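Chemist: How does the following fold in three dimensions:
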Amino acid sequence: MTILGIDLGTTNSCVAVLQGGDAQVLPNAEGDRTTPSVVAFGRSGERLVGAPAKRQAIVNPENTIFSVKRFIGRLYRSEAIQGQLGRFPFRVVDSPKGDVRFEVHGQRHSAEELSAMILSKIRAEAEALLGETVSQAVITVPAYFDDRQRTATKDAGRIAGLEVLRIINEPTAAALAYGLHRRDERVVAVFDLGGGTFDVSILEQRGGEFRVLATAGDPLLGGDDFDQVVMDYLMREFEKHHGFQLPAEATILQRLKNAAESAKKELSFAESTQVTIPFITAGPSGPIHLEIDLLRAEFENLVAHLVDRTVEPCRLALADAGLAPSDVDGVVLVGGQTRSPIVQRKVEEVFGKPPFKGVNPEEAVAIGAAVTAGIQSGALPDMSLRDVTPLTLGIETTGGAMNRIIPRNTPVPMTARKVFTTTEDDQIIIRVHVLQGEREMASDNRTLGLFDLVGVRPGPRGVPKIEITFQIDEEGIVHVTARDQDTGRSHTLRITDAGGLSDAEIERMVNDAERNRGQDSEARELLALKNQSLNLVYSAQRLLDDPSATLTPDFRKRLIESVNGLTDSLQTSTERAALDRRAEAVLEVLRSIEYAA
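Modeler: Predicted coordinates:
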């Protein structure tokens, strides 16, 4: 059975499979090797995913959702979300559970649900290409995704009808892509600057064994931030030239974002670019165009502070691994933003060597996910992988302090235990506050879960012994158990509610996705039939217009009538049967061509 390796990206997603020992990237229905991570809802409720959604974003910005990965598994009131809300044209709202919802046409969708729509498209198109049903996948996440975000990503896969066999860190996957056919010993740094997050990981390879030594990063740094800096620059330049600010309208913001992204990409290989947005707004004298020349040097000056933010995580990862830059044998680049020359120069400055460019930075993660799928299935028995947990895990103790139980960069899977006691006489309830983060105080770290151990045997404070056990599986997902060593009473928390969705909500979304899966299949088949019908119309028209084709008047009349009927159906019909009948009528006429004597 084929297992998909999926890079569910902030900007673009990619899918690969293992075939004959080699990982192959699968093109999508549009023939592209990556799929835009964009979902849109039309005015009549139709749903678009991928390139079709991205193409219509300018005319439908409020109902086109992108960069969903920046929101998945996050709480609406968190600093990370509040700092981004003004940057997007779509509406982001709170939910009763406190997680993020996207409001479209009065309906609210979770980040998991929207991510599942992207995964469903990837799955359906992979199945069409492979000619088989696919129900299992390995999905990648940024190394600095916490437990809440990892669980939410698994929920998205479940909604899309996929059994997620493993969640793997993106830099780890990229290293697998880099070292698939190598069997020597080496230390590799993976520098992953994608659309929404930045990660750096240090890995050791010994033959077919890959071991993550350390990982660090910035979960709020990515290509979206580079786009925003360029957008801000364009708005400042517009105001400087025209004397007033651009209106903060959704359509204008979307056009600016598209222009900023295009300019950024062009400056990866060109020394300058002209940003042109016709009719961006109107002034007292009529329509106004935005026309601004942007030099690469100006762009690099604008984004230098963002590039500098990658330095400290690199140094931290090296320090945690106990290595110097000279100990690193190679640096692999991952993520579209690493194509920028300023980023590549910074990598060389930090590690003292130019980065390796033999792996496509936008495909490496999906290829590594497919390799991981091969390891999981046993198709690559001579390879193994051991990852680490990116953030420290612990519980809150007296005075609101964070008591560390599993330090960051601990290899997983693993189990750790600590014994605690009560703080009051005859205390019979112990509250366990599970935390993730690097700060000293509990309030400065992220809450993963909260539960009570009830039924502790009463006694003087300091006497009861409460054993807290943390278990992390190979995906980095956490299980916590509190046990009274005297009574044997215990309570276990698996952090499954962190994604903000209940089992009932996930089940409803699974059913919705399955219904839409059928509708999407019908829509694709209708589109394919329309394309075939258009080709039929073009072929018939060429025959009618060919002066060398001496057709009989009766045949010409019948062909014109059948073509007109098919053309009408193409414009009005939404049913395959009606269109199929009209197309068959044209074919029937063409099968009996009559030439004049």
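
Chemist: Show me where the stretch 1-150 of the chain has its helices.
Modeler: Here the stretch 1-150 of the chain has its helices, by DSSP state H, counting those that start in this stretch, at 51-55, 79-82, 111-130, 147-159.

Chemist: what number of residues lie near the nearest residue to Leu590 once chain neighbours are set aside?
Modeler: Using C-beta to C-beta, 6 or more residues apart in numbering and skipping the chain neighbours, the partner closest in space to Leu590 is Ala540 (6.6 Å). Bear in mind the C-beta positions are built from the backbone N, C-alpha and C, glycine included. Counted by other C-beta atoms under 10 Å, the residues lying close to Ala540 total 20.

Chemist: Which of the helices of the stretch 1-150 of the chain comes out lowest on mean pLDDT?
Modeler: Ranked by mean pLDDT, those bottom out at helix 79-82, which scores a mean of 77.

Chemist: Which neighbouring elements make contact with it?
Modeler: Helices and strands touching helix 79-82, as assessed by 3 or more C-beta pairs under 8 Å, 6 or more residues apart in numbering; DSSP states H and E, are absent.

Chemist: can you list the residues that contact it?
Modeler: For helix 79-82, contacts defined as C-beta atoms under 8 Å, 6 or more residues apart in numbering pick out Phe71, Arg74, Leu75, Val92, Val100, Pro219, Leu220.

Chemist: can you pull the buried residues of that helix?
Modeler: Neighbour counts over helix 79-82 (16 or more other C-beta atoms under 10 Å) mark Ile81 as buried.

Chemist: same question, stretch 293-309
Modeler: Within stretch 293-309, the residues that count as buried by 16+ other C-beta under 10 Å are Leu294, Arg296, Phe299, Glu300, Leu302, Val303, Leu306, Val307.

Chemist: Show residues contacting that stretch.
Modeler: 198, 218, 221, 225-226, 229-230, 233, 263-264, 267, 270-275, 340-343, 346.

Chemist: Find out how far whichever strand or helix holds Leu570 is from the centre of the chain, if you would.
Modeler: Using DSSP states H and E, Leu570 sits within helix 553-572. Centroid separation between helix 553-572 and its chain, computed with C-alpha atoms, centre = their mean, to the nearest Å, is 46 Å.

Chemist: per-residue confidence averaged over that helix?
Modeler: 85.

Chemist: now the stretch 151-300 of the chain, which segments are flagged as low pLDDT?
Modeler: For the stretch 151-300 of the chain, the stretches with pLDDT under 70 are 180-183.

Chemist: Name the single longest strand found in this protein.
Modeler: If you go by DSSP state E, the chain has its longest strand at strand 272-283.

Chemist: Pull up the pairing partners for that one, direction included.
Modeler: strand 286-295 (antiparallel) (DSSP bridges).

Chemist: quick one: buried residues of the partner strand?
Modeler: Ile288, Leu290, Ile292, Leu294.

Chemist: And for stretch 104-113?
Modeler: In terms of neighbour count (16+ other C-beta under 10 Å), stretch 104-113 has its buried residues at Val104, His109, Ser110, Ala111, Glu112, Glu113.

Chemist: Widest-spaced pair of these?
Modeler: Largest separation among the buried residues of stretch 104-113 by C-beta to C-beta: Val104 and Glu112, giving 15.2 Å.

Chemist: what are the ranges of the helices in the stretch 151-300 of the chain?
Modeler: Per DSSP H, counting those that start in this stretch, the stretch 151-300 of the chain carries helices over the ranges 170-179, 223-242, 250-266, 296-308.

Chemist: Can you tell me which helices and strands the shortest one packs against?
Modeler: Applying 3+ C-beta pairs under 8 Å, 6+ apart, one finds that helix 170-179 makes contact with strand 4-7, strand 136-141, strand 186-193, strand 198-206, strand 209-218, strand 330-334, helix 364-377, strand 384-389.

Chemist: what's the angle between that helix and strand 384-389?
Modeler: 150 degrees (axes from the mean of the first three to the mean of the last three C-alpha atoms, to 10 degrees).

Chemist: rewinding a little: out of the contacts of helix 79-82, which sit inside strands?
Modeler: Checked against DSSP E, the contacts of helix 79-82 include these in strands: Val92, Val100.

Chemist: Kindly present the contacts of helix 79-82 as CSV, with separate columns for neighbour count and distance to Arg158.
Modeler: Output for the contacts of helix 79-82, formatted as CSV (neighbours: other C-beta atoms under 10 Å; distance: C-beta to C-beta, whole Å):
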residue, neighbour count, distance to Arg158
Phe71, 26, 18
Arg74, 23, 19
Leu75, 20, 21
Val92, 18, 23
Val100, 26, 19
Pro219, 20, 23
Leu220, 17, 27
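
Chemist: now, among the contacts of helix 79-82, which is nearest to Met383?
Modeler: Comparing the contacts of helix 79-82 against Met383 with C-beta to C-beta places Pro219 closest, at 28.8 Å.

Chemist: out of everything not next to it in sequence, what's closest to that closest one?
Modeler: In space, and not counting its chain neighbours, Pro219 is closest to Tyr144: 4.6 Å by C-beta to C-beta, 6+ apart.

Chemist: Just give me the neighbour total for that neighbour.
Modeler: Neighbour count for Tyr144, taken as other C-beta under 10 Å: 25.

Chemist: This completes my enquiry, with thanks.
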